[in-house]
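Below: sequence and its predicted model.
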Amino acid sequence: MRSSQSDEPADDGRTGGEPVGGAPGGDAGEPHRLAGLSASVRAAPIRGLSTRLLGLTILFVMIAEVLLFFPSVANTRMRWLQDRLNTAAAASVVIDGLQDMRLPQPIREDTLMATGTKAIALRKDGMSRMLVSSDMPPEVTHQYDLSDVGPVEAVIDAFDELIFGGDRIIRVYGPVGGNPDMVIDVVLEDAPLRQAMLTYARNIFLLSLFISVITAALVFFAINRIMIRPIRRMTENMQAFSGDPENPARIIAPRPVRDELGVAEQHLAGMQTQLQSTLRQQRHLADLGLAVSKINHDMRNILASAQLVSDRLASLADPMVKMLAPKLLRSIDRAVAYSGEVLAYGHAREAQPKRRFINLHALSSEVREILSEEAGSAIDFRIEMEKTLEVEADSEQLFRVLYNLCRNAVEALRADLQAEASLVRRITIFAARQGSVVEIHVADTGPGMPAKARENLFQPFRGSVRSGGTGLGLAIARELVIAHGGTIALAESASHGTTFRIELADQPLPITNYRTLA
């Protein structure tokens, strides 16, 4: 407890500081070259993660020490005052034994000098007695009761003494030996107290700084070995890999550890391996595109010549020629059209479908007729749908979809011809309309689709069902169906074989057309 004996309230000013924290920053702009980035990182180690970690560790340890400094400096002040009270109490026992005798001036001065006080008073049995005092009793500015001091008040008084003390005359009193009936009361200067507190604060600061540096160094070396070095290793590897991603030697070799960084290295190695595989595939696609362009140039010339010959054959009067010529003409016309659009897939786009209502049964029959020679008599080709069923689609593009699916089924069944002769080999095109949606199923009774082909379904050069295939047929079919706003998927079946399900919806009728028709 503290109070002021003067008429005006004592100055109890307090100062506070706003904590300021800073972190080194840098330009967030990406360098133009990775080599320049690597050189800049090596040239400025002070901005590295290790240096910041060391600084933050020192800072945090110092903050912890400061939090401990508050109660410790308050405790130092209380001990210093209590020591003065105990010294004065010891002197008071001797002086109190002399009862009412007036002490000579040399004895009083020696007593005050020994206790470091200006005056000593003893309150006993309800009576207060001035034991010794200086000739001119000083004016007391602050007084403290050591018998009733809370922890918060002790900290406040300690910092008030550190900041504003040094020229005060203070009064301190408290019980002697824990006896509340005997209270010792002393008046003294606070300059020695403040000096003792400053010395203690300086020692604590130096000790805290030493502990912080030692702790930070230990934490730094431990974390640098556990975290920073693996992170730097991954960073340098990523920089090297980005400079030459097709070099297998640039793939990181994961460390045989099971912590988070070890798992990250394993995932990084997996991603780099997959990226190299993708780059090789892209290079293969680029080479394939160039080859297709060259082949397509010459193929169009050959097909143009075949088209002229087929036109002349169609003019002959031979009945067999007249029966086969229309099929030959349609096949050559489609080949010429496909040859003209073969590069569209390389550009990841197909021509927009020209949708009209077409007879799906007639289109499926045309697919069957073209594949009948390749399928042979051992394969049963069935069409199960109403002969009047219509679907709104681009005739040529839907033909390509059905042709690719059915031809894949033919290839699967032909590869299975070496099996038992009693096996049923059948390709079925089933279709039905449900409202505005036409659902088409292309099913076969072949050996089914391998697991690897299922995982990479509709992926070019990866989703091939048979060995040596490209997988482009399914990829093209999917792209054409999506262009119609439909869906294509592999239908799960409990029986053997493969079934693809296609769903095509009619285009909505614009309201303007409805009003025109009305």
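Alright, I've got the coordinates.

Leu53: what secondary structure?
helix (DSSP: H, G, I helix; E, B strand; the rest coil).

Tell me which residues touch it, please.
Shown in contact with Leu53 (CB atoms under 8 Å, 6 or more residues apart in numbering): 219-220, 223-224, 228. For glycine as for every other residue, the C-beta is placed from the backbone atoms N, C-alpha and C.

What distance do you get for it to Val257?
Counting by CB to CB, to the nearest Å, the gap from Leu53 to Val257 is 20 Å.

Over to Asn237?
16 Å.

Check Arg229 too.
In terms of CB to CB, Arg229 sits 12 Å off from Val257.

Asn237 and Val257 - which one has more neighbours?
Neighbours were tallied for Asn237 and for Val257 using other CB atoms under 10 Å; the higher tally belongs to Asn237 (18 against 13).

which SSE is that one in?
Asn237 belongs to helix 229-243 when elements are defined using DSSP states H and E.

what packs against that helix?
With contacts defined as 3 or more CB pairs under 8 Å, 6 or more residues apart in numbering; DSSP states H and E, helix 229-243 has these neighbours: helix 34-43, helix 260-314.

Check those for me: which has the lowest mean pLDDT.
Lowest mean pLDDT of the helices and strands packed on helix 229-243: helix 34-43, a mean of 46.

could you point out the longest strand in the chain?
Longest strand of the chain, by residue count under DSSP state E: strand 179-189.

buried stuff in that one?
Neighbour counts over strand 179-189 (16 or more other CB atoms under 10 Å) mark 182-189 as buried.

Make JSON lines out of the residues you listed and add pLDDT and distance to Val292.
Formatted as JSON lines, the buried residues of strand 179-189 follow (pLDDT from 0 to 100; distance: CB to CB, whole Å):
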{"residue": "Met182", "pLDDT": "80", "distance to Val292": "111"}
{"residue": "Val183", "pLDDT": "85", "distance to Val292": "108"}
{"residue": "Ile184", "pLDDT": "82", "distance to Val292": "107"}
{"residue": "Asp185", "pLDDT": "84", "distance to Val292": "108"}
{"residue": "Val186", "pLDDT": "84", "distance to Val292": "106"}
{"residue": "Val187", "pLDDT": "85", "distance to Val292": "107"}
{"residue": "Leu188", "pLDDT": "85", "distance to Val292": "103"}
{"residue": "Glu189", "pLDDT": "85", "distance to Val292": "102"}
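
so is Pro508 in a helix, a strand, or just coil?
Applying three-state DSSP: Pro508 is coil.

Just give me the neighbour total for it.
A count of nearby residues for Pro508, using other CB under 10 Å, gives 8.

Run through the residues that contact it.
Taking CB under 8 Å, 6+ apart as the definition, Pro508 has no contacts.

and the gap between it and Ala432?
21 Å.

likewise Glu386?
Counting by CB to CB, the gap from Glu386 to Ala432 is 8 Å.

and if you look at Asp444?
Counting by CB to CB, the gap from Asp444 to Ala432 is 19 Å.

out of the two, which sits in the more crowded spot?
Asp444 (26 against 13).

And the helices in the stretch 401-518 of the chain, which stretches?
451-455, 472-483, 511-517 (DSSP state H, counting those that start in this stretch).

most packed of the ones you listed?
Across the helices of the stretch 401-518 of the chain, the average number of neighbours (mean count of other CB atoms under 10 Å) peaks for helix 472-483, which reaches a mean of 20.

Just name whatever secondary elements it is in contact with.
helix 319-346, helix 395-415, strand 487-491.

Compare the mean pLDDT across those and name the weakest.
Among the helices and strands packed on helix 472-483, helix 319-346 scores lowest, with a mean of 65.

which outside residues touch whichever helix or strand comes after it?
Once the chain leaves helix 319-346, the next helix or strand it forms, by DSSP H and E, is strand 356-359. Contacts of strand 356-359 from elsewhere in the structure, counted by CB under 8 Å, 6+ apart, are 387-395, 398.

Now for those: which two are most distant?
Farthest pair in these (CB to CB) is Lys387 and Asp394. Separation: 21.1 Å.

Show me which of these two is the more surrounded one.
More crowded of Lys387 and Asp394, by other CB under 10 Å: Asp394, with 20 against 10.

measure the closest residue to the more buried one other than its chain neighbours to Ser395 for me?
Using CB to CB, 6 or more residues apart in numbering and skipping the chain neighbours, the partner closest in space to Asp394 is Pro353 (3.5 Å). Distance of Pro353 to Ser395, given as CB to CB: 9 Å.

likewise Ile488?
Ile488 is 18 Å from Ser395, by CB to CB.

okay, the two: which has more neighbours?
Between Ile488 and Ser395, counted using other CB under 10 Å, Ile488 has the larger neighbour count: 23 against 18.

Test my guess that the more buried one contacts Phe500.
Yes - Ile488 lies in contact with Phe500 (CB atoms under 8 Å); the separation is 6.3 Å.

mean confidence for the helix or strand containing Arg129?
Assigned by DSSP H and E, Arg129 belongs to strand 127-133. Averaging pLDDT along strand 127-133 yields 70.

After it, heading C-terminal, what element do we hit next?
strand 142-145.

CA-only coordinates of that next one in CSV, if you can.
Presented in CSV, the C-alpha positions along strand 142-145 are these (Å, rounded to 0.1, in the frame of the first residue of the first chain):
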residue,chain,number,x,y,z
HIS,A,142,6.1,8.2,-0.3
GLN,A,143,5.3,5.5,2.2
TYR,A,144,4.9,1.8,1.9
ASP,A,145,3.3,-0.8,4.2
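
buried ones in that strand?
142-144.

neighbours around Glu236, how many?
14.

Tell me how far it lies from Gly243.
Relative to Gly243, Glu236 is positioned 11 Å away (CB to CB).

do the same with Lys118
From Lys118 to Gly243 the distance is 81 Å (CB to CB).

So these two - more neighbours on which side?
Taking neighbours as other CB under 10 Å, Lys118 and Gly243 compare with Lys118 leading, 20 against 13.

Would you confirm that the more buried one contacts Asp190?
No - assessed by CB under 8 Å, Lys118 is found out of contact with Asp190, at 11.3 Å.

which residues are in contact with both of these two?
Common neighbours of Lys118 and Asp190 (criterion: CB under 8 Å, 6+ apart): Ile169.

ok so, going back, now the contacts of Leu53 in JSON lines, with distance to Arg250 and pLDDT?
Shown next, in JSON lines, are those (distance: CB to CB, whole Å; pLDDT from 0 to 100):
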{"residue": "Val219", "distance to Arg250": "33", "pLDDT": "80"}
{"residue": "Phe220", "distance to Arg250": "30", "pLDDT": "77"}
{"residue": "Ile223", "distance to Arg250": "27", "pLDDT": "78"}
{"residue": "Asn224", "distance to Arg250": "25", "pLDDT": "78"}
{"residue": "Ile228", "distance to Arg250": "22", "pLDDT": "78"}
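
returning to what we had before: next one, pLDDT for the residue nearest to Asp394 please.
89.

Identify the residue spatially nearest to Ile184, adjacent ones excluded.
Ala89 (4.7 Å).

Give me the number of neighbouring residues for Gly177.
By other CB under 10 Å, neighbour count at Gly177 equals 9.
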